[in-house]
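Novice: Structure, please.
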Amino acid sequence: CLFDGEVEGSAYYPFEALMLNGQDLRAECPSVRASVAKAHCQMNGIPWLFDQPTEAWLEAGKKNGKRWEGVVLKKLKSRYLALPTATAHTPGWTKMRW
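Specialist: Have a look, this model is predicted:
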């Protein structure tokens, strides 16, 4: 298994599955990759932190605390691309910071 996710403190929180049981998921829709990661978290007792935000949560912005620096918007059917740097961009997703 191979996941993309966030490290917070000493814990790792996956948000997308890239490989599962030898199956390459990078060409799958982001919603598929996320649902596989969510199922993995649920089976392994890992809190799932990445549900689709509500309108009220988005409107609260920075009031949501230092834990969240914004949201990432991903295009439907966009392929997962590994980026060379933290500041690189891809046409498949956009990071919107508060």
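Novice: distance between the helix or strand that residue 13 is a member of and the chain's centre?
Specialist: If you go by DSSP states H and E, residue 13 is part of strand 11-20. How far strand 11-20 lies from its chain's middle: 8 Å, per C-alpha atoms, centre = their mean, to the nearest Å.
Novice: which other helices and strands contact it?
Specialist: Judged by 3 or more C-beta pairs under 8 Å, 6 or more residues apart in numbering; DSSP states H and E, strand 11-20 is in contact with strand 2-8, helix 30-43. C-beta: built from backbone N, CA, C; applies to glycine.
Novice: Mind checking the pLDDT average for it?
Specialist: Here strand 11-20 scores 96 as its mean pLDDT.
Novice: Following element in sequence after it, please.
Specialist: Scanning forward in sequence from strand 11-20 by DSSP H and E, the next helix or strand is strand 23-24.
Novice: Sheet-wise, list the partners of that next one with their directions.
Specialist: strand 11-20 (antiparallel) (DSSP bridges).
Novice: Would you mind extracting the C-alpha trace of the strand it pairs with into PDB?
Specialist: The C-alpha trace of strand 11-20 is given here as PDB (Å, rounded to 0.1, in the frame of the first residue of the first chain):
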ATOM      1  CA  ALA A  11       0.800  10.600  13.600                       C
ATOM      2  CA  TYR A  12       0.300  10.100   9.900                       C
ATOM      3  CA  TYR A  13      -3.200  10.700   8.400                       C
ATOM      4  CA  PRO A  14      -3.700   9.300   4.800                       C
ATOM      5  CA  PHE A  15      -6.000  11.200   2.500                       C
ATOM      6  CA  GLU A  16      -5.400   9.400  -0.800                       C
ATOM      7  CA  ALA A  17      -4.500   5.800  -1.700                       C
ATOM      8  CA  LEU A  18      -2.000   5.600  -4.600                       C
ATOM      9  CA  MET A  19      -1.300   1.800  -4.500                       C
ATOM     10  CA  LEU A  20      -3.300  -0.900  -2.900                       C
END
